[in-house]
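Asks: A structural model of the following input is requested.
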Amino acid sequence: MSILQYNGGAVIAMKGLNCVGICSDLRLGLQQQTVAMNFKKVFQITDKLYVGLTGLATDVLSLEHLLNFRCKLYKLKENREISPKAFGAMLSSLLYEKRFGPWFSEPVVCGLDANNNAFLSGMDLIGAPVFSDDFTVAGTCTQNLHGMCEALYRPNMDPEELFEVLSQCLLSAVDRDALSGWGAVVHIITPEGTITRTLKCRQD
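Replies: Okay, the predicted model is just below:
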């Protein structure tokens, strides 16, 4: 088993019409043993920027603290909030500088820029980015997530449609994966604000 799969987890980010969504499961496990059902994997960076971190739970928490620290330094220096594109570049650089002893985490960045255009990006554990115009997935069941997203994704979805599609994609994918699931949380980012909803799912 890969160290990235040790604690389980699944994250999807998806683009809508002037909105973007990101969701994750809530399971924390030690391989097949479930430890907790409330482990956050999606973290708010700014009002319109979120990052999802899958992989080794200790590195997820450490990376989240480090990212918050770097973003606060950026805000002090630049006197403005970091943009999604700049945050993606910073995160990529942060991961690559540790490439010989990497953070065991695969981040997904999603947000709206100053013009409310969606930004989606995924990375591997040494920070090689991939940019997407529709959806990005990460975690232990990426094949399931890709299949569900390709089947259900439609362009130009409004926030409610985006929530429904994200929820169905995540729940259907994690139901077929023993290392993720046990609840989910969905964040829909719009120009007016963020809508967050918690989902129940199978707990077996």
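Asks: just want the most central residue of the chain.
Replies: residue 52 (2.5 Å; CA atoms, centre = their mean).
Asks: beta partners of it?
Replies: residue 42, residue 108 (DSSP bridges).
Asks: residues touching it, list them.
Replies: 11, 13, 22, 24, 41-43, 107-110, 138 (CB atoms under 8 Å, 6 or more residues apart in numbering). Just so you know, the C-beta spots here come from the backbone N, C-alpha and C atoms, and that holds for glycine as well.
Asks: let's see 7 Å
Replies: Contact partners of residue 52, counting by CB atoms under 7 Å, 6 or more residues apart in numbering, are 11, 13, 22, 24, 41-42, 107-108, 138.
Asks: just among those residues, which is most surrounded?
Replies: In terms of neighbours by other CB atoms under 10 Å, these top out with residue 13 at 32 neighbours.
Asks: name the SS class of that one, please.
Replies: Secondary structure, DSSP: H, G, I helix; E, B strand; the rest coil: residue 13 is strand.
Asks: give the helix, strand or coil label for the residue nearest to it when sequence neighbours are not counted.
Replies: Distances taken as CB to CB, 6 or more residues apart in numbering place residue 110 nearest to residue 13, at 3.8 Å, with adjacent residues excluded. What three-state DSSP gives for residue 110 is strand.
Asks: you'd agree residue 110 is up against residue 11?
Replies: No - using CB atoms under 7 Å, residue 110 is not in contact with residue 11, being 9.5 Å away.
Asks: give me the common contacts of the two.
Replies: residue 22.
Asks: the longest helix seen in the chain: which residues count as buried?
Replies: The residue-count maximum for a helix in the chain (DSSP state H) belongs to helix 57-78. Neighbour counts over helix 57-78 (16 or more other CB atoms under 10 Å) mark 57, 59-60, 63-64, 67, 70-71, 74 as buried.
Asks: how about stretch 42-56?
Replies: Buried residues in stretch 42-56, counted by 16+ other CB under 10 Å: 42-46, 48-56.
Asks: restricting to C-alpha, output it in PDB.
Replies: Taking Å, rounded to 0.1, in the frame of the first residue of the first chain, the C-alpha atoms of stretch 42-56 are listed here in PDB:
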ATOM      1  CA  VAL A  42     -10.700  20.900   2.700                       C
ATOM      2  CA  PHE A  43      -9.400  24.100   4.200                       C
ATOM      3  CA  GLN A  44     -10.400  27.700   3.600                       C
ATOM      4  CA  ILE A  45      -7.500  30.000   2.600                       C
ATOM      5  CA  THR A  46      -9.500  33.200   1.700                       C
ATOM      6  CA  ASP A  47     -13.200  34.000   1.100                       C
ATOM      7  CA  LYS A  48     -13.000  32.700  -2.400                       C
ATOM      8  CA  LEU A  49     -10.100  30.200  -2.200                       C
ATOM      9  CA  TYR A  50     -10.100  26.600  -0.800                       C
ATOM     10  CA  VAL A  51      -7.500  23.800  -0.900                       C
ATOM     11  CA  GLY A  52      -8.200  20.100  -0.500                       C
ATOM     12  CA  LEU A  53      -5.400  18.000   0.800                       C
ATOM     13  CA  THR A  54      -5.400  14.200   0.500                       C
ATOM     14  CA  GLY A  55      -2.700  11.800   1.600                       C
ATOM     15  CA  LEU A  56      -0.900  11.100   4.900                       C
END
